[in-house]
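Asker: Got a sequence here, can you model it:
(one chain, ligands or ions: 1)
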Amino acid sequence: MSEAVEILVVAPLMPFLMDALRGQYTVHDRLHVSDPAAFAAVAPRIRAVVANGEAKVPRELIAQLPALEMISVFGVGYDGVDVPAAHERNIPVTNTPEVLNDDVADLALGLLLSIARRIPQADRFVRDGEWLKGPIPLARKVAGSRLGIVGIGRIGQAIAHRALAFNMEVAYTARSPRAGLPYTYHADAKSLAAAVDFLVVITPGGAATRGMINAEVLQALGPQGYLVNVARGTVVDQPALVEALKAGVIAGAALDVFIDEPNVPPELRAMPNVVLTPHIGSGTRQTREAMAKLTFDNLLAHFAGQPLLTPVDA
Ligand code: NAP
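Answerer: Below you'll find the model as predicted:
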């Protein structure tokens with residue numbers, strides 16, 4: 001019976017997720033992009049959309065799918081999905097929270113250690129034979145330093161937990177203080193930045209956080225301060241960041257996410273005080289498999305008439 005269900009995949013997905021989907025449903029893989037005429041013919045029969053964290057599911061696409069019943073996102077961030085447009089039609093949206101907390105928090109600490117201790121730079125120093133000419137310049141101590149977390153949700157708290165093992169002093173900002181957390185709250189990112197050595201950004205993307213880490217926040221972070229962004233490229237004003245790095249307004253940055261992935265401004269790529277990774281926050285086999293299972297299990301639950309495992313609220 002469920003073999004007859006037709007679904008639209010709107011992003012490149014892991015082979016193990018595609019295999020599971022194809023075993024259960026008739027899958028139209030990015031047909032709306034590759035063959036709009038063929039898509040128009042099947043659109044009335046599409047009952048689910050599967051996206052990833054970077055994919056766009058705009059109002060216009062939702063409007064083209066009169067039989068759409070749910071949108072399942074492979075990723076915790078769903079800023080590419082027009083959730084209000086879906087909810088207006090009582091179409092639930094699901095994501096994959098919790099299962100990736102550890103990986104993203106591990107990467108945040110890895111990036112923080114990398115930029116402070118200049119680990120990638122030190123690796124290049126050895127490979128390039130520079131060591132033979134003399135010692136590498138001294139780096140920044142991490143243990144005992146002050147960490148500011150912008151967004152203290154599931155992943156932010158996992159980052160804080162790890163930072164405590166480094167004897168870091170943890171403070172945070174969010175739209176409101178979170179009860180029960182033993183960390184100092186700041187009302188905004190600027191005030192937090194002024195009080196810390198490392199600012200780690202881990203809020204959702206989307207309109208509400210666009211450009212939140214702007215020139216003023218970077219100024220407040222100061223010439224000894226480091227920025228780590230594992231949230232979304234949109235949360236940081238990228239041109240302002242490039243300017244701040246060039247002018248020494250901040251000491252350095254470690255970035256996993258960018259405004260126009262996979263394009264990274266050449267200026268950033270050329271800077272010595274920057275560490276760059278290609279959006280690998282959840283990029284381990286174990287976690288991606290857990291995310292795939294949750295993405296798939298939400299679809300199974302829906303088409304079995306059971307409660308969704310991880311619907312998003314708004
Ligand atoms: P979460 O549990 O929903 O936590 C989000 C946090 O951000 C909360 O503390 C929330 O607090 C705060 N926040 C939300 N809107 C804000 C605003 N406008 N201003 C200030 N703070 C705001 O989400 P999560 O599971 O930790 O995931 C966070 C984000 O990480 C995802 O949405 C995704 O974009 C990103 N992510 C990146 C990767 C990667 O590969 N690099 C992987 C996974 C996730 P309040 O609601 O109180 O403001």
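
Asker: For the residue lying closest to G151 once chain neighbours are set aside, grab the count of nearby residues.
Answerer: Using C-beta to C-beta, 6 or more residues apart in numbering and skipping residues adjacent in sequence, the residue nearest G151 is T203, 3.4 Å away. Where C-beta positions appear, they are placed from N, C-alpha and C, glycine not excepted. By other C-beta atoms under 10 Å, the residues close to T203 number 24.

Asker: Please list all residues in contact with T203.
Answerer: V150, G151, G153, A174, T209, M212, A231, R232, V235 (C-beta atoms under 8 Å, 6 or more residues apart in numbering).

Asker: Thought R210 was touching the last one, still the case?
Answerer: Yes: the pair V235 / R210 is scored as a contact, 7.2 Å apart, by C-beta atoms under 8 Å.

Asker: okay, those two: which has more neighbours?
Answerer: More crowded of V235 and R210, by other C-beta under 10 Å: V235, with 27 against 14.

Asker: where does V99 land in three-state SS?
Answerer: The three-state assignment at V99 reads coil, by DSSP: H, G, I helix; E, B strand; the rest coil.

Asker: what helix or strand is the closest residue in space to it that isn't next to it in sequence on?
Answerer: If the residues on either side of it in the chain are set aside, V99 comes closest to A290, at 4.1 Å by C-beta to C-beta, 6+ apart. Taking DSSP states H and E as the criterion, A290 maps to helix 285-303.

Asker: Show me what from the stretch 151-300 of the chain comes close to the ligand.
Answerer: Contact residues (C-beta under 6 Å from any ligand atom) of the stretch 151-300 of the chain with the ligand: 151-156, 174-176, 202-205, 208-209, 230-232, 256-257, 279, 281-282.

Asker: before we move on, back to that, show me what the helix holding A290 is packed up against.
Answerer: Applying 3 or more C-beta pairs under 8 Å, 6 or more residues apart in numbering; DSSP states H and E, one finds that helix 285-303 contacts helix 15-24, strand 46-52, strand 70-74.

Asker: and it, how far from the chain's centre?
Answerer: Relative to the centre of its chain, helix 285-303 is centred 18 Å away, using C-alpha atoms, centre = their mean, to the nearest Å.

Asker: Just the C-alphas of that helix, formatted as CSV.
Answerer: Only the C-alpha atoms of helix 285-303 are listed here, as CSV (Å, rounded to 0.1, in the frame of the first residue of the first chain):
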residue,chain,number,x,y,z
ARG,A,285,28.8,8.4,9.6
GLN,A,286,27.3,7.4,12.9
THR,A,287,25.4,10.7,13.3
ARG,A,288,24.3,11.0,9.7
GLU,A,289,22.9,7.5,9.9
ALA,A,290,21.0,8.4,13.1
MET,A,291,19.6,11.5,11.3
ALA,A,292,18.6,9.4,8.3
LYS,A,293,16.8,7.0,10.6
LEU,A,294,14.9,9.8,12.3
THR,A,295,14.0,11.5,8.9
PHE,A,296,12.7,8.1,7.6
ASP,A,297,10.9,7.1,10.9
ASN,A,298,9.0,10.4,10.9
LEU,A,299,7.7,9.6,7.4
LEU,A,300,6.9,6.0,8.4
ALA,A,301,5.0,7.3,11.5
HIS,A,302,3.0,9.7,9.4
PHE,A,303,1.9,7.3,6.7
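
Asker: quick one: average pLDDT of it?
Answerer: When pLDDT is averaged over helix 285-303, the result is 98.

Asker: What residues sit buried inside that helix?
Answerer: Neighbour-count burial for helix 285-303 flags 287-288, 290-299, 301-303 (criterion: 16 or more other C-beta atoms under 10 Å).

Asker: Which single residue of the stretch 51-200 of the chain ends up nearest the ligand?
Answerer: G153 (1.7 Å; C-beta to the nearest ligand atom).

Asker: So which residues of the stretch 201-314 of the chain form strands?
Answerer: 226-229, 252-255, 274-276 (DSSP state E, counting those that start in this stretch).

Asker: so who does the residue in the stretch 201-314 of the chain positioned nearest to the ligand touch?
Answerer: Nearest residue of the stretch 201-314 of the chain to the ligand: G281, at 2.3 Å (C-beta to the nearest ligand atom). G281 makes contact with L100, D103, V104, L107, A108, V230, D256, V257, according to C-beta under 8 Å, 6+ apart.
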